[in-house]
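Asks: Take this sequence and fold it.
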Amino acid sequence: MDLILSDIHANLHALRVVLRYAKRRAIARYIFLGDLVGYGAQPNQVLDRIQELKPRFMVRGNHDRACAIENEDLSFSPPARTAALWTRERLTREHLRLLRELPTGLLSVDGDYEISHGSPIDEDAYLLTPREALRAFDTFSSDLCFFGHTHLPGAFELDQARGTLRWINLQAGEWFYLQPGCRYLINPGSVGQPRDRDPRLSFASYDVARRRVKLHRMPYDCNGAAKAIRAAGLHSHLADRLSHGI
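Replies: Next comes the predicted model:
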């Protein structure tokens, strides 16, 4: 079983819950779709936990880049820009190097599927509309690509025989089987900052042999994560949004 994690955003309280879930299961590969840091108040602790897993497949997110590279164009909102600069000043030298060396998508996972942070076309591009999805399908060769960046869980399904494209709202806790003759772009949602008005953290499992995906939604200590953000002196909006999933 592969665990697909995206947009942790330095939220240690949320990541701990995911790791407790994983500890009780046989996880073959940990897959990270970027934005490990940014927004949240515990970047070094989050990166320590991720490094302990020794993941082989990770791609860079736009916040990872902004937090690790000086003079990077920070075309963020003021709270996000402040958080990126705050994070850069506090990351250890080892963690700065880790983020700077992360590959950009597309990245193949042992030939089984591909991963990217934003759209497979551009790591900074949001993949939200059918038009954007159709363009994205032209840029990768496998039947499946996992992506993040939007913090919105779900799947684009392209039926190649019928020539139809649809968005699927994956049901948490239920297996979704990939259909023959179809290709997929699947977003596991955000571990650290959900934005679909559901404050529960979000990630996915992928069973390669059976070609099935399961979305997971779990509660975590939103208040603890928000308290850490406020204690760090970061913008209160970054704390307030956690309990509302926005």
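Asks: For residue 51, which three-state class applies?
Replies: At residue 51, secondary structure determined by DSSP: H, G, I helix; E, B strand; the rest coil is helix.
Asks: Look up the closest residue to it, ignoring the ones flanking it.
Replies: residue 98 (7.2 Å; Cβ to Cβ, 6 or more residues apart in numbering). For every residue, glycine as well, the C-beta is placed using N, CA and C.
Asks: The one you found and residue 36: what is the separation?
Replies: 9 Å (Cβ to Cβ, to the nearest Å).
Asks: just checking, what packs against the helix or strand the residue nearest to residue 51 falls within?
Replies: Using DSSP states H and E, residue 98 maps to helix 93-100. The contact analysis (3 or more Cβ pairs under 8 Å, 6 or more residues apart in numbering; DSSP states H and E) places helix 93-100 against helix 43-52, helix 62-68.
Asks: next SSE after it?
Replies: Following helix 93-100 in sequence order, the next helix or strand is strand 107-109 (DSSP H and E).
Asks: quick revisit: pick out whichever of residue 98 and residue 36 has more residues nearby.
Replies: residue 36 (30 against 18; other Cβ atoms under 10 Å).
Asks: Tell me who's in contact with that one.
Replies: Applying Cβ atoms under 8 Å, 6 or more residues apart in numbering, one finds that residue 36 lies in contact with 8, 9, 10, 43, 46, 47, 50, 58, 61, 63, 64, 99.
Asks: one step back: quick one, grab the pLDDT at the residue nearest to residue 51.
Replies: Looking at residue 98, its pLDDT stands at 97.
Asks: okay, now the nearest residue to residue 205 once chain neighbours are set aside: neighbour count?
Replies: Nearest residue to residue 205 in three dimensions, chain neighbours excluded: residue 214, at 4.6 Å (Cβ to Cβ, 6+ apart). Neighbours of residue 214 under the rule other Cβ under 10 Å: 18.
Asks: Next: the one 3 residues further on.
Replies: By other Cβ under 10 Å, the residues close to residue 217 number 18.
Asks: hmm, back to that, so what sits against both of residue 98 and residue 36?
Replies: Counting by Cβ under 8 Å, 6+ apart, the residues touching both residue 98 and residue 36 are residue 47.
Asks: Burial check on the nearest residue to residue 113 once chain neighbours are set aside, number of neighbours?
Replies: Nearest-residue entry for residue 113: residue 144, 4.0 Å, with adjacent residues in sequence omitted and distances by Cβ to Cβ, 6+ apart. The tally of other residues near residue 144 (other Cβ under 10 Å) stands at 21.
Asks: Fine by me, thanks again.
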